[in-house]
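Student: Let's see this in three dimensions:
(chains A and B)
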Protein chains: 2
Amino acid sequence: MICGRTQDELIDDIRRFHGFVAPGLLIGAFMIDLLYEHISREIEADAIVETGHCLPDAVQTFTPCTIGNGWMKILDLDKFAITLYDRNTFEGYRVWLDPDKAKAHKNVYNWFMGLVPKKDLPRSVLMEAIFAAGKSILSIRKVRVTRHGEREKKGEIRICEQCGEAYAASQGVPCLACQGKGYYQFIV
Amino acid sequence: MICGRTQDELIDDIRRFHGFVAPGLLIGAFMIDLLYEHISREIEADAIVETGHCLPDAVQTFTPCTIGNGWMKILDLDKFAITLYDRNTFEGYRVWLDPDKAKAHKNVYNWFMGLVPKKDLPRSVLMEAIFAAGKSILSIRKVRVTRHGEREKKGEIRICEQCGEAYAASQGVPCLACQGKGYYQFIV
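Tutor: Okay, the predicted model is just below:
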């Protein structure tokens, strides 16, 4: 069982949420399983994910932490690593895919390091290699979170005099979109 | 039916993913329902959410877009708004909670504008008010996405000589964590 699921249930849950069975989510499931061997599920834990690619969806599928409830943060450190920590003590564990250990699983290593074109490594072969590797390619260490552990609070809400929409007053006047920092044009 | 769900199913799905039934997710469900009245579910659509609070979880629960699959982006414009757009034409719709329209629903308006302390507006009263308001508090307009529509690509992977971990080469040498930009200390 991985994260309390059979192999098939794991694959189904990944597909349902992520849209397809990304290798990164499969490894992510093993990472979270390993984290929960060190941290009780009873503890209120927040997560920090060090990449925005794939891995956040493993956290959102296999822990109670999501980007919208604020219990998961994504940092652009561009590493395949997750920290799960007690939100009261800031102590927890950081798990990462360890390249040294991954070398023993050539297909996993080559995929992870981007050494093989997608077409030369069929998804089914890679998935089998990931299940075979399991947690053996991961390292884990105890950590204390020293920043980014703060919870953001919603501040004062204001109505923009230009567009009439509500926005966070901390942006100044007018709202960021009316300051030209929007991402869209209205069209007909 | 909202997003193809009964009221109870909607509440269950929100609780399951988000951990609790946040009012923002409930309104978010109506926003997404309204978006899909304008955009076919057959179209491959990406989402942009203009706040990191709550609303991203509505998108992740009621559309195929997630933060990890890259089909949803979060911008810190601090507005209660979602854009869903065709990822090939960049045309789509932007929906937002319209303060002018919300005034007709005092409890929703007061909650949204932060005008009433949480303890004076019981969750059950607010939820009933949100269901009563439905889509009547929303505005929607057709838009063209002019930036932030790019897909990010994973670049070259490198092993950090200091920590031995893999990271995106674009960060320079050593990795960001070894440059002192990490968020943790290893402890024993």
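
Student: can you list the domain ranges for chain A.
Tutor: Domain segmentation of chain A under automatic domain parsing yields A:7-144, A:156-188.

Student: measure the longest one end to end?
Tutor: Counting by CA to CA, to the nearest Å, you get 32 Å between the two ends of domain A:7-144.

Student: Equivalent analysis for the last one, please.
Tutor: Distances were taken as CA to CA; on that basis the terminal residues of domain A:156-188 are 33 Å apart.

Student: what are the ranges of the strands in chain A?
Tutor: Ranges of strands within chain A are A:45-49, A:72-74, A:81-86, A:91-97, A:138-145, A:157-159, A:166-168, A:184-186, based on DSSP state E.

Student: isn't residue A:52 right up against residue B:68?
Tutor: Yes: using CB atoms under 8 Å, residue A:52 and residue B:68 qualify as a contacting pair, with a distance of 7.4 Å. The C-beta positions use only the backbone N, C-alpha and C, and glycine is treated the same way.

Student: neighbour count winner among those two?
Tutor: Using other CB atoms under 10 Å in any protein chain shown as the criterion, residue A:52 and residue B:68 rank with residue B:68 on top: 28 against 18.

Student: so how far is chain A from that one?
Tutor: Separation of residue B:68 from chain A (CB to the nearest CB, to the nearest Å) stands at 3 Å.

Student: what's the closest non-adjacent residue to the one residue sitting closest to the centre of chain A?
Tutor: Centroid-nearest residue in chain A, with CA atoms, centre = their mean: residue A:56, separated by 1.8 Å. Computed as CB to CB, 6 or more residues apart in numbering or on different chains, the closest residue to residue A:56 that is not its neighbour in sequence is residue B:68, at 4.2 Å.

Student: ditto for residue A:94
Tutor: Per CB to CB, 6+ apart, closest to residue A:94 is residue A:83, 4.3 Å.

Student: Hmm, that neighbour is touching residue A:90, no?
Tutor: No: between residue A:83 and residue A:90 there is no contact under CB under 8 Å: 10.2 Å.

Student: Would you map the helices across chain A?
Tutor: Using DSSP state H, the helices of chain A run over residues A:7-18, A:23-38, A:55-62, A:99-102, A:106-112, A:123-133.

Student: Give me whichever of the ones you listed is most buried.
Tutor: Counting by mean count of other CB atoms under 10 Å in any protein chain shown, helix A:55-62 has the highest mean neighbour count of the helices of chain A, with a mean of 26.

Student: Surely residue A:187 is in contact with residue B:143?
Tutor: Yes: between residue A:187 and residue B:143 there is a contact at 6.3 Å, judged by CB under 8 Å.

Student: Redo the strands of chain A as JSON lines? Include mean pLDDT and mean neighbour count.
Tutor: Listed next are those as JSON lines, based on pLDDT from 0 to 100; neighbours: other CB atoms under 10 Å in any protein chain shown:
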{"stretch": "strand A:45-49", "mean pLDDT": "97", "mean neighbour count": "25"}
{"stretch": "strand A:72-74", "mean pLDDT": "97", "mean neighbour count": "21"}
{"stretch": "strand A:81-86", "mean pLDDT": "98", "mean neighbour count": "25"}
{"stretch": "strand A:91-97", "mean pLDDT": "97", "mean neighbour count": "22"}
{"stretch": "strand A:138-145", "mean pLDDT": "97", "mean neighbour count": "18"}
{"stretch": "strand A:157-159", "mean pLDDT": "94", "mean neighbour count": "17"}
{"stretch": "strand A:166-168", "mean pLDDT": "94", "mean neighbour count": "23"}
{"stretch": "strand A:184-186", "mean pLDDT": "94", "mean neighbour count": "15"}
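
Student: which stretch among these comes nearest residue B:126?
Tutor: Judged by CB to CB, the one of the strands of chain A that comes nearest to residue B:126 is strand A:157-159, at 15.9 Å.

Student: what comes into contact with that closest one?
Tutor: A:165-169, A:173, B:99, B:112-114 (CB atoms under 8 Å, 6 or more residues apart in numbering or on different chains).

Student: can you check stretch A:15-29 too?
Tutor: With contact meaning CB under 8 Å, 6+ apart, stretch A:15-29 is reached by A:2-3, A:5, A:10-11, A:14, A:53-55, A:57-62, A:80, A:82, A:97, A:108, A:111, A:123, A:126-127, A:130-131, A:137, B:60, B:64, B:66, B:68-69, B:71.

Student: distance between the ends of that stretch?
Tutor: Distance between the two ends of stretch A:15-29: 13 Å, counting by CA to CA.

Student: and that stretch, average pLDDT?
Tutor: Here stretch A:15-29 scores 97 as its mean pLDDT.

Student: starting at the chain centroid, how far to it?
Tutor: On the basis of CA atoms, centre = their mean, to the nearest Å, stretch A:15-29 sits 11 Å off its chain's mean C-alpha point.

Student: Okay then, goodbye and thanks.
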